[in-house]
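> have a look; sequence and predicted model below, questions after that.
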Amino acid sequence: MKTITYTTTSGEKIQSSFWQATGNTINPTIIYIHGGGLIFGNRDDLPQTYLDRFLNAGYSVFALDYLLAPESTYQDIIDSVKAGVTHFLNHFNELGVQDNRYILFGRSAGAYLCMQLIADDLSPKPTALIDFYGFESLLASNLLKPNALYSSYPKVTKAELKGLVGDSPVSHSSYEERFLIYVYARQTADWQKMIFQGTDGEEIKLTKELLTSNFPPTYICQSNADPDVPFINSIMLKAKLPNAKLMPITSKDHDFDRVVSPETLKVYEQVIDWLDHLI
């Protein structure tokens with residue numbers, strides 16, 4: 001694994017991790033974007049067992065950190081992710097891959113960021129998109145209200161929140177360091193306010209034209225009892241995309257693949273089989 005550092009347009013240093021494929025190296029590189037509600041998480045959260053499946057199948061993996069809210073704005077977050085993709089596009093030969101073809105793979109909010117990048121006229125566009133329990137829009141009506149799961153947790157107060165939020169940009173965190181910020185956001189329905197910094201929302205719209213004519217083949221995978229992001233969001237996204245596959249998972253967990261098991265390994269093997277037939 002190689003650690004790579006690059007700089008955003010605002011001058012922030014961001015790191016990424018690169019794993020070289022051990023199998024057929026003519027495949028595109030997977031650019032992985034982690035989840036965490038745009039508030040917590042880091043690029044190294046994908047279990048090594050899943051990584052090894054991709055690498056052995058000939059898919060190198062380039063995993064990105066990115067700026068996190070609320071210390072950074074939505075636009076800074078988007079710019080930091082775009083900086084990572086741009087670094088790969090401009091330096092792929094230094095990584096030992098044969099070309100700059102790539103697949104975007106996001107989990108949860110990472111999938112949202114993938115879709116935002118595609119909508120932001122990313123060029124060249126990805127060969128494919130892998131969407132694990134993501135969402136098309138942060139402004140979906142069922143994400144704008146307090147979440148029942150997080151509302152059942154002990155209440156996070158504003159005083160506690162103040163002690164968790166830093167004074168400078170953050171681009172890498174553990175679950176323990178910042179998860180309570182996300183809990184607060186979902187308990188209070190302030191999630192969007194924390195991302196968009198109190199505006200009416202600035203996200204890039206996935207237009208009908210983009211979704212129907214210029215969106216890459218997409219593999220959508222989500223629990224049909226997801227307590228965090230309603231499963232209906234994936235059903236509605238699938239209905240808009242002419243070249244998408246929706247794979248429902250029977251689980252009561254949002255991140256059903258958090259713990260490696262024979263069942264979750266099968267899910268990743270199905271994704272790889274889909275990619276192999278697509279590429």
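Yep, it's here.
> next one, pLDDT for the residue nearest to residue 204 when sequence neighbours are not counted please.
Once flanking residues are discounted, residue 204 sits nearest to residue 119: 4.3 Å by Cβ to Cβ, 6 or more residues apart in numbering. Heads up, the C-betas are built off the backbone N, CA and C, glycines and all. What the model reports for residue 119 is a pLDDT of 93.
> which residues are in contact with residue 119?
204, 205, 206, 207, 210 (Cβ atoms under 8 Å, 6 or more residues apart in numbering).
> and the residue nearest to the last one when sequence neighbours are not counted, how far from residue 26?
Spatially, and ignoring its direct neighbours in sequence, residue 210 is nearest to residue 119 (6.0 Å; Cβ to Cβ, 6+ apart). Distance, residue 119 to residue 26, using Cβ to Cβ, to the nearest Å: 29 Å.
> if you rank the contacts of residue 119 by neighbours, which is first?
Greatest neighbour count in the contacts of residue 119, by other Cβ atoms under 10 Å, goes to residue 206: 18 neighbours.
> quick one, phi psi at it?
In terms of degrees, to the nearest 10, the main-chain angles of residue 206 are phi -90, psi 90.
> who touches it in this structure?
Contacts of residue 206 (Cβ under 8 Å, 6+ apart): 115, 118, 119, 136, 137, 215.
> how about 6 Å then?
119, 136 (Cβ atoms under 6 Å, 6 or more residues apart in numbering).
> local confidence estimate at it?
The model's pLDDT for residue 206 equals 91.
> from the contacts of residue 119, which single one is nearest residue 98?
Taking Cβ to Cβ as the measure, residue 98 lies nearest residue 210 of those, at 28.8 Å.
> quickly find the element holding the closest one.
helix 208-213 (DSSP states H and E).
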